[in-house]
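Trainee: next comes the sequence, and after it the predicted model I'd like to discuss.
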Amino acid sequence: MRDSRDIGARVGGAAHRARLRSQNLAFGTIRAFSYLTIVILALILGFILVRGFRYSNATRSTVLPYAEAAPDGLCLVVNREANLDSIEFPMLYGMFTDEYINWSKITADDFDLLPVAVDDHGSVAGATAAFLFGAGQEAQWGRLVKKVGDVATALATVDSTPGAAAIVPSAALASARASGMYKRVKSASVRRLSLAVNDDVMAIVDNKSVEDLDDRAIARLASGEIANWKELGGPDLALRLLPPASGSSLAAAVASAGFRVGAPRPSSQGGAALAQADTVSSTSGAVAFLFAADAISAQIQTLTRSGTSTGWNLTFAYLVEPPRLSGRVGGISTIILNTFFMLVLTVLFAAPIGIAAAVYMVEYARQGTLIRILRLGTETLAGIPSIIFGLFGYLFFVSILHFGFGLLSGCLTLTLMILPTIVRTSEEALKSVSPALREGSLALGATKLQTIFRVVVPAAAPGILTGLILGVGRAVGETAALLFTMGSDYKLANGLFSSARALSSHIYLLFAEGISFDRAFSTATVLIIIVLAFNFGARRLIGRMESRS
Amino acid sequence: MADTGIPLGPAKFEVEGLDLWYGQTQALKKVSLKVAANSITALIGPSGCGKSTFLRVLDRMNDLIDNVRIEGLVKYEGDDIFGDVDVIELRKKIGMVFQKPNPFPMSVFDNVAYGPRVHGLHTRSAAERRALVELVERSLVNAALFDEVKDRLHKSALGLSGGQQQRLCIARVLAVEPDVLLMDEPTSALDPISTAKIETLLDELKVRYTIVIVTHNMQQAGRVSDTTGFFLHGELVEFASTKEIFFNPKDERTENYISGRFG
């Protein structure tokens, strides 16, 4: 390009320059398009990989993610089996008021819920009731709740029952730990600080109301920077931040959350109102940190915190654990293995048939009308949507041959689907083997069969292998044909007729059944990595074969 | 056709009135000749004159081509090759080296061992394996290639030079222990040094084998052959001892061709 431009400058004709300009324009366009392709590819791959490895979800919650310390000396204890380290108060409240009967909606664990309450007719019972139902309120235990006489019994119950949960004094747990008892009990923190507001704050004015607050807005609010609810999208109302009574457990919780709420601004209404349920509900424009229990019992509205939670999506555990609860929890180990079984079986079916067909078509069949029709047929088959193969597989293998939903039906369907690809590429590979090699072998007195299997097929092996990879690549990404034929059981397949779920179907089902978007992406990442590794490995193999021969 | 100077020992091949058609095109017209044992017979002629076609008739390589029709008699050691003979056995006896080197995409050793292996040589016992190794090495020595490849017997044959590849193809044929070597312009794709090596080799091989060589190169025919046949338009114009053909051609067309007026 540079050379031609130099010559153009030297020759200097206007027509020449115009020609160069249009040439440059053409080159530029071609280059731009090729870069665009690469950028799009990188974007897709990158997005899926990033999304697959990390999740990042918007969360909305009525409690703040602070105050996990238990200033009133109580803590939640659960069995070690439960996958629970911290819980939001509304969920804890639900656990003790019959909203949940098992752990599947709480932690996706697979056991029944046994809430345990200490009913010692004394201090612990009172404190627990205040913890859950608000200070000075009547306890309203759910019917599922098992009442036990003392703290030791509660700890013993939690120790022995995987689904048990109890609220006990932290000191009792600490002393039990110190004496080496109740090793299977662990404590979980409770997020129970919320921002309670007066009803008039939440009023809708001009179709607007107070927005969800992010952490920065909450910090500004707590520091007293905000004077009017207008600043947070609410009504034109003076904002009055009520401080917790000094020395109270609430004050300790607010302080441990890192907020310093000083004395209230002097107001015309006068009086230093403190953060209590009744003062919030009686003071116009009031907002205060309150325990969620008190807010719920007094039926005061709370502000909603919005945030994003991020974390590792694709973990080692995800790869090695079997899926549970439709893939909602657990990993995908059995699905990965099922996918490998499926691929191995499909290649075992498709490779011999495909290569044999290609050998027949190239070496034996008379090149006439019949072969032309056959070739047209294979090409047409290669272009048929996989869902039609799925329907056929369902009708033929599952129903007529009574193979049922299982590996065998699925793999046979996939075999039919990828055969055309394998036959076509193998055919091309065989055709491209020099006739001189065939002649050389035949002239040595080899038979046609010996020539084909000792010289022609090995010489065509790189091409045949490429066809196999293309076919396997199509098979590993196949969903539609499998849903109708291979079933969707995510347990490890234990035989040819065992229903099995492959990675691609898993992605589809996770998404279509609304189970988990994150998990669909992490499964997709695993699938992409498998496909890439497979391609890379095969290419290395082909390269080595070509350099050796 | 002159009947002079058909030399030496008993005839390996006797060809009488051979006609060959590719579809409607007649490629060989009433060709008759005798190839003497342990001699080198050269077939010369311009491109498309039928000399390669004739050579391929001798080990029935034309069987592979559709639409070929052959009439006439071709006898190998007295037996009609189109009669009741096993073509595999025939090709075992009659080895062929092609114009372009066509080593198989495998190691040097496996290339040479290919023939013995397809003919059922077993390598189950150590003795059998040793026998195969000896056979391969002997063939490579006889093809004057062993010294050049002894360090890379188990590397790909495709890494050899063109001349080495062609000698490997000769070694590959020798390993089957044939009786006749048919060579179809074996040096046309090679450089002069490789050509010289192969010509020297031919002289050595002649002691044990009957060689029929098709060549485009008249000097080569003059240098290596005992008997020469001149083909033109599918006809065998003249077939006589090489001296006769080159110094005293009977036919005007032969003389014109030898003296370089056409072809």
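Mentor: Thanks, I have the structure now. Here the structure is a predicted model, which means the values were calculated and not measured. Numbering: from 1, shown residues only, chains lettered A, B, ... in the order given.

Trainee: can you give me the neighbour number for residue 42?
Mentor: With no chain named, the answer covers chain A. By other Cβ atoms under 10 Å in any protein chain shown, the residues close to residue A:42 number 10. Every C-beta, even on glycine, is put in place using the N, C-alpha and C of the backbone.

Trainee: chain B, not that one
Mentor: 26.

Trainee: mind checking the SS state of it?
Mentor: strand (DSSP: H, G, I helix; E, B strand; the rest coil).

Trainee: so what's it bridging to?
Mentor: residue B:213, residue B:228 (DSSP bridges).

Trainee: give the contact list for it.
Mentor: B:213, B:214, B:215, B:220, B:221, B:224, B:225, B:227, B:228, B:229, B:242 (Cβ atoms under 8 Å, 6 or more residues apart in numbering or on different chains).

Trainee: tell me the contacts of the fifth one?
Mentor: Each residue near residue B:221 by Cβ under 8 Å, 6+ apart is listed here: B:42, B:44, B:213, B:215, B:228, B:242.

Trainee: and it, that's in a helix?
Mentor: Yes: assessed by three-state DSSP, residue B:221 belongs to a helix.

Trainee: nearest residue to it other than its sequence neighbours?
Mentor: residue B:42 (3.8 Å; Cβ to Cβ, 6 or more residues apart in numbering or on different chains).

Trainee: where's the one you found relative to residue A:535, distance?
Mentor: Applying Cβ to Cβ, to the nearest Å, the value for residue B:42 to residue A:535 is 54 Å.

Trainee: so how far is the longest helix seen in chain B off the chain centroid?
Mentor: If you go by DSSP state H, chain B has its longest helix at helix B:126-142. Offset of helix B:126-142 from its chain centre (Cα atoms, centre = their mean, to the nearest Å): 23 Å.

Trainee: list the helices and strands it packs on?
Mentor: helix B:108-118, helix B:146-149, helix B:162-174 (3 or more Cβ pairs under 8 Å, 6 or more residues apart in numbering or on different chains; DSSP states H and E).

Trainee: would you format these as CSV with distance to chain A included?
Mentor: Putting the helices and strands packed on helix B:126-142 into CSV (distance: least, Cβ to the nearest Cβ, whole Å) gives the following:
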stretch, distance to chain A
helix B:108-118, 4
helix B:146-149, 16
helix B:162-174, 7
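
Trainee: who in the stretch 51-200 of chain B is up against chain A?
Mentor: B:59, B:61, B:64, B:88-92, B:95-96, B:98, B:100, B:102-106, B:114-115, B:117-119, B:156, B:158, B:169, B:172-173, B:176 (Cβ under 8 Å from any Cβ of the partner chain).

Trainee: now with 6 Å, please.
Mentor: Residues of the stretch 51-200 of chain B lying close to chain A (Cβ under 6 Å from any Cβ of the partner chain) are B:88, B:91, B:92, B:96, B:102, B:104, B:105, B:115, B:118, B:156, B:176.

Trainee: return the most buried member of the helices and strands packed on helix B:126-142.
Mentor: helix B:162-174 (a mean of 25; mean count of other Cβ atoms under 10 Å in any protein chain shown).

Trainee: list of residues touching that one?
Mentor: Helix B:162-174 is touched from outside by B:95, B:97, B:101, B:103, B:111-112, B:139-140, B:142-143, B:145, B:148, B:157, B:186, B:190, B:194, with contacts defined as Cβ atoms under 6 Å, 6 or more residues apart in numbering or on different chains.

Trainee: and that helix with helix B:126-142, angle?
Mentor: For helix B:162-174 and helix B:126-142, the angle between their directions (axes from the mean of the first three to the mean of the last three Cα atoms, to 10 degrees) works out to 130 degrees.

Trainee: what's the next secondary structure element after helix B:162-174?
Mentor: Next in sequence after helix B:162-174, counting helices and strands by DSSP states H and E, comes strand B:180-184.

Trainee: so how far is that following strand off the chain centroid?
Mentor: With Cα atoms, centre = their mean, you get 1 Å for strand B:180-184.

Trainee: packing partners of that strand?
Mentor: When contacts are defined as 3 or more Cβ pairs under 6 Å, 6 or more residues apart in numbering or on different chains; DSSP states H and E, strand B:180-184 packs onto helix B:51-58, strand B:94-97, strand B:210-214.

Trainee: tell me where chain A is predicted with low confidence.
Mentor: Within chain A, the ranges that satisfy pLDDT under 70 run A:1-12, A:67-71, A:262-275, A:547-549.

Trainee: quick one: name the residues of it near chain B.
Mentor: Close to chain B, as judged by Cβ under 6 Å from any Cβ, chain A has residues A:436, A:437, A:440, A:443, A:444, A:445, A:446, A:450, A:455, A:459, A:548, A:549.

Trainee: which of the residues you listed sit farthest apart?
Mentor: Among the residues of chain A next to chain B, the pair separated by the greatest distance (Cβ to Cβ) is A:445 and A:548, at 26.1 Å.

Trainee: top of the contacts of residue B:42 by neighbour count?
Mentor: Neighbour counts for these peak at residue B:228, which has 28 neighbours (criterion: other Cβ under 10 Å).

Trainee: about what we covered before: just the closest of the contacts of helix B:162-174 to chain A, please.
Mentor: Checking these against chain A by Cβ to the nearest Cβ gives residue B:95 as the nearest, at 6.9 Å.

Trainee: beta-bridge partners for that closest one, please?
Mentor: Here residue B:95 sits in beta bridges with residue B:181, going by DSSP bridges.

Trainee: re earlier: let me have the residues of the stretch 51-200 of chain B next to chain A in TSV, extended by pLDDT.
Mentor: Formatted as TSV, these follow (pLDDT from 0 to 100):
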residue	pLDDT
B:88	87
B:91	89
B:92	88
B:96	90
B:102	90
B:104	91
B:105	89
B:115	89
B:118	88
B:156	87
B:176	89
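
Trainee: which of the residues you listed lies closest to residue B:235?
Mentor: When those are compared for distance to residue B:235 (Cβ to Cβ), residue B:96 wins out at 23.3 Å.

Trainee: check the gap between that closest one and residue A:445 for me.
Mentor: On the measure of Cβ to Cβ, residue B:96 and residue A:445 end up 10 Å apart.

Trainee: got a PyMOL select line for the buried ones in the contacts of helix B:162-174?
Mentor: PyMOL command restricting those to the buried ones, with burial defined by 16 or more other Cβ atoms under 10 Å in any protein chain shown:
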select buried, chain B and resi 95+97+101+103+111+112+139+140+142+143+145+148+157+186+190+194
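
Trainee: my guess is residue B:112 contacts residue B:175, does it?
Mentor: Yes: taking Cβ atoms under 6 Å as the definition, residue B:112 is a contact partner of residue B:175 at 4.9 Å.

Trainee: overlap in contacts, those two.
Mentor: Taking Cβ under 6 Å, 6+ apart as the contact rule, the neighbours common to residue B:112 and residue B:175 are residue B:139.

Trainee: ok, now which ones touch residue A:407?
Mentor: Residue A:407 touches A:493, A:496, A:500, counting by Cβ under 6 Å, 6+ apart.

Trainee: just residue B:238 next, same as before
Mentor: Residues near residue B:238 by Cβ under 6 Å, 6+ apart: B:230, B:251, B:254.

Trainee: dump these into JSON lines; add neighbour count and secondary structure as well.
Mentor: Shown next, in JSON lines, are those (neighbours: other Cβ atoms under 10 Å in any protein chain shown; DSSP: H, G, I helix; E, B strand; the rest coil):
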{"residue": "B:230", "neighbour count": "28", "secondary structure": "strand"}
{"residue": "B:251", "neighbour count": "16", "secondary structure": "coil"}
{"residue": "B:254", "neighbour count": "24", "secondary structure": "helix"}
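
Trainee: ok, now which ones touch the residue positioned nearest the centre of chain B?
Mentor: Centroid-nearest residue in chain B, with Cα atoms, centre = their mean: residue B:182, separated by 1.4 Å. Contact analysis of residue B:182 by Cβ under 6 Å, 6+ apart lists B:55, B:58, B:96, B:212.
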